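S.K.: Sequence and predicted structure below; questions after.
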Amino acid sequence: MATGRIVIVICLVVTCISLGIGVIIGYFVREGGQDLPRRDRRACGTGSGSNIPQIDRFLESCQVTACRAETCDIPLPRSYVAYHLKEQTIAVDGDLNDPAWEEVPWTEKFVDLRGTDYPKPLYDTRVKIRWDDTHLYVGAYLQDEHVWANKTKHDSHVFNDNAFEIFVDVDGSTHNYKEIEINALGTIWDLMLTKAYIDGGRALSNWESDVEKAILVDGNINDPDSPNKFWTVEMKFPLSRLRSGTTRDVNSIPRDKETWRMVLARSHWAHKIVDGQYVKDESKEANWWSWQPHGAVSLHLPDRWGLLQLSRDTPENFQFTPSALLPVKQALFDSFKAMKSYYISYGVYTTNVDMLELPPYIVTGECVGKPTVVPDRGALYHQYTITGHCYNPARPYSRGQARLVR
């Protein structure tokens with residue numbers, strides 16, 4: 001019996017020591033912030049501190065992914081608020097010094113289309129946008145020491161010159177979006193894309209923007225002996241033309257805080273001077289600079305575009321207000337890409353979303369409900385509608401839809 005008591009005492013002592021060690025460890029762990037409520041542990045961007053950049057970037061990406069899965073902290077692209085002109089007017093003459101332009105801010109300066117980790121653009125580019133009940137106004141400043149252009153024919157490939165480009169998707173569907181390009185001669189290429197090229201879209205150059213436009217060049221154009229500093233673009237688009245082919249009523253007036261998908265970009269080519277004239281250096285690739293980076297040398301990735309919000313307020317009283325539906329729309333974009341990957345692997349679509357490689361923030365169900373896929377068997381082509389929902393205190397279970405076409 002004595003021996004049994006000794007064993008019991010020893011076990012109790014060991015247990016107490018273990019508990020004590022556990023309490024001490026728990027205390028220090030708690031001091032490190034690990035006892036914070038689940039939704040307050042935001043690991044996004046904290047880094048690992050390994051002092052090895054490649055490892056840090058990898059580990060940080062894992063932390064960011066985990067954070068988004070837990071909190072639905074989906075990053076927003078760049079955004080710009082376009083303010084209503086109210087009683088003001090803009091004369092489309094290329095001069096961006098009108099009072100209506102002066103009172104609104106510029107966009108952020110353009111960066112390399114691939115991302116901010118790539119070299120800073122050689123020249124600055126920035127844009128202002130305004131609107132009234134019938135038109136959208138775009139003013140762009142393009143710094144350049146050599147202003148030249150060759151394309152003079154309407155709907156020619158203007159991006160083969162140094163050009164300014166604007167892409168607009170008024171209903172956020174990534175279908176029937178508009179692309180308008182302009183060079184320093186004022187030559188326009190305007191077209192409507194049925195959907196992105198990588199999704200099998202077609203370019204419809206018979207769509208016309210009916211844009212009113214003007215160019216102002218500091219110095220002479222196409223003259224190497226005339227020093228330049230910049231050129232500016234001013235454009236006035238009928239809203240009805242930007243809405244054509246979309247779900248929006250072409251004759252309606254935009255709602256306050258209506259948000260569009262948009263990207264602004266610039267192609268810039270190296271040049272040579274031959275016999276006193278500018279000649280594009282065909283041996284070099286173009287530089288592509290953009291307001292919103294895409295992570296790839298492609299402007300036709302509408303799910304990666306920035307956000308343009310139309311406001312009837314004033315710049316002093318209003319800032320960009322993200323929609324409660326943005327997380328679910330992003331989830332639908334990501335589900336669409338997962339469905340495409342599945343089709344590439346198996347040659348068919350699936351209605352079982354568990355078969356898709358979905359991002360963790362969708363799978364966890366913390367913010368975005370698991371999407372559903374319903375086949376539309378009556379369509380001419382095999383079509384599927386992906387429907388998702390997200391929980392938001394202001395708008396519980398808001399819904400959004402995206403259509404996939406095989």
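M.R.: Cool, the structure landed.

S.K.: tell me the helices in the protein, going along the chain?
M.R.: 2-31, 53-71, 99-102, 239-243, 326-346, 360-363 (DSSP state H).

S.K.: got the buried residues for the fourth one?
M.R.: Neighbour counts using 16 or more other Cβ atoms under 10 Å place L239, R241, L242, R243 of helix 239-243 among the buried residues. Placement of C-beta: from N, CA and C, glycine included.

S.K.: Could you single out the nearest of those residues to Y80?
M.R.: L242 (15.7 Å; Cβ to Cβ).

S.K.: Phi and psi next, for the nearest residue to H84 once chain neighbours are set aside.
M.R.: Excluding its sequence neighbours, the residue lying closest to H84 (Cβ to Cβ, 6 or more residues apart in numbering) is R312, at 4.6 Å. When read as degrees, to the nearest 10, the backbone of R312 gives phi -100, psi 0.

S.K.: pretty sure R312 is touching D256, no?
M.R.: Yes. With contact defined as Cβ atoms under 8 Å, R312 reaches D256; the gap is 4.6 Å.

S.K.: any idea how far the most centrally placed residue in the chain lies from K340?
M.R.: When Cα atoms, centre = their mean is applied to the chain, the residue found nearest the centroid is W305 (2.7 Å). Going from W305 to K340 by Cβ to Cβ, to the nearest Å gives 18 Å.

S.K.: who touches F237 in this structure?
M.R.: Counting by Cβ atoms under 8 Å, 6 or more residues apart in numbering, F237 touches H135, L136, Y137, V138, I180, S209, D210, V211.

S.K.: since we're on the closest residue to P227 other than its chain neighbours, how many residues are nearby?
M.R.: Leaving aside its chain neighbours, P227 sits nearest to G219 (5.7 Å; criterion: Cβ to Cβ, 6+ apart). Number of residues near G219 (other Cβ atoms under 10 Å) recorded here: 16.

S.K.: Kindly report the same for D225.
M.R.: 8.

S.K.: pLDDT on stretch 299-313, on average?
M.R.: Here stretch 299-313 scores 95 as its mean pLDDT.

S.K.: Over to stretch 102-122?
M.R.: 96.

S.K.: Report the buried residues of that stretch.
M.R.: V104, W106, T107, K109, F110, V111, D112, L113, R114, P121.

S.K.: likewise stretch 121-134?
M.R.: Under the neighbour-count criterion of 16+ other Cβ under 10 Å, stretch 121-134 has P121, Y123, T125, R126, V127, K128, I129, R130, W131, D132 buried.

S.K.: and what of stretch 299-317?
M.R.: Buried, per 16+ other Cβ under 10 Å, within stretch 299-317: 299-311.

S.K.: Name the nearest of those relative to I362.
M.R.: Checking those one by one against I362 (Cβ to Cβ), the nearest turns out to be D303, at 14.5 Å.

S.K.: Distance check, the nearest residue to that closest one once chain neighbours are set aside against L358.
M.R.: In space, and not counting its chain neighbours, D303 is closest to F333: 4.1 Å by Cβ to Cβ, 6+ apart. Distance of F333 to L358, computed by Cβ to Cβ: 12 Å.

S.K.: More neighbours: which of the two?
M.R.: With neighbours defined as other Cβ under 10 Å, F333 and L358 compare such that L358 has more, 20 against 17.

S.K.: tell me the contacts of the closest residue to that one other than its chain neighbours?
M.R.: Nearest non-adjacent residue to L358, counting by Cβ to Cβ, 6+ apart: A338, 5.4 Å away. For A338, the contacting residues are L356, E357, L358, by Cβ under 8 Å, 6+ apart.

S.K.: Give the burial count for G365, as a bare number.
M.R.: 11.

S.K.: Tell me the confidence at it?
M.R.: 70.

S.K.: cool, the one 10 residues further on as well?
M.R.: The confidence metric pLDDT takes the value 69 at P375.

S.K.: ok, I90 - contacts?
M.R.: D98, A100, W101, R130, Y137, E234, K236.

S.K.: JSON lines for these, including distance to A149?
M.R.: Converted to JSON lines, these look like this (distance: Cβ to Cβ, whole Å):
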{"residue": "D98", "distance to A149": "25"}
{"residue": "A100", "distance to A149": "27"}
{"residue": "W101", "distance to A149": "24"}
{"residue": "R130", "distance to A149": "26"}
{"residue": "Y137", "distance to A149": "23"}
{"residue": "E234", "distance to A149": "16"}
{"residue": "K236", "distance to A149": "21"}
